[in-house]
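Colleague: Could you work out the structure for the sequence below:
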Amino acid sequence: MLSAHHYREQAQLLISWALAASDPDHVTQLTARAIELLQRSMNAEGGVALDQAIMEFNNEQMRPRPVQQQQQQPQAQTNRDDPAKGSK
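Modeller: Here you go, the predicted structure:
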């Protein structure tokens, strides 16, 4: 069986990936897997470090996510707005 420390490190890595992910489905999957690994870490320690594991997990969740800016698409101009086309 792997050590509790190993499981916590892996969970932190997954949380950092979740924070960087842009797809909500991936965020959910990564977070769920991180929770599973935190549970394994608690089982490896006999449940003594439950408060510490939860605190570490929550601290990772509170870290601000990078803001993704959406690019605005320019609106197409109609022929009547284009002086080169002229009106007929």
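
Colleague: From here on, just use CA atoms for contacts and neighbour counts.
Modeller: Fine.

Colleague: For the host helix or strand of V27, could you pull out the residues that count as buried?
Modeller: For V27, the host element (DSSP states H and E) is helix 24-45. Within helix 24-45, the residues that count as buried by 16 or more other Cα atoms under 10 Å are 27, 30-35, 37-42, 44.

Colleague: Need the residues that contact that helix.
Modeller: If you take Cα atoms under 8 Å, 6 or more residues apart in numbering as the criterion, helix 24-45 is touched by 1-8, 10-12, 14-15, 17-19, 21, 48-50, 53.

Colleague: Any of those buried? List them.
Modeller: 4, 7-8, 10-12, 14-15, 18-19, 21, 50, 53.

Colleague: Which stretches in the chain count as strands?
Modeller: For the chain, applying DSSP state E gives no strands.

Colleague: ok, which stretches of it are helices?
Modeller: Using DSSP state H, the helices of the chain run over residues 4-20, 24-45, 50-62.

Colleague: Same list, the ones you listed, but as a markdown table with mean pLDDT please.
Modeller: Shown next, in a markdown table, are these (pLDDT from 0 to 100):
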| stretch | mean pLDDT |
| --- | --- |
| helix 4-20 | 91 |
| helix 24-45 | 89 |
| helix 50-62 | 75 |
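
Colleague: what angle separates the helix holding V27 from helix 50-62?
Modeller: If you take axes from the mean of the first three to the mean of the last three Cα atoms, to 10 degrees, helix 24-45 sits at 160 degrees to helix 50-62.
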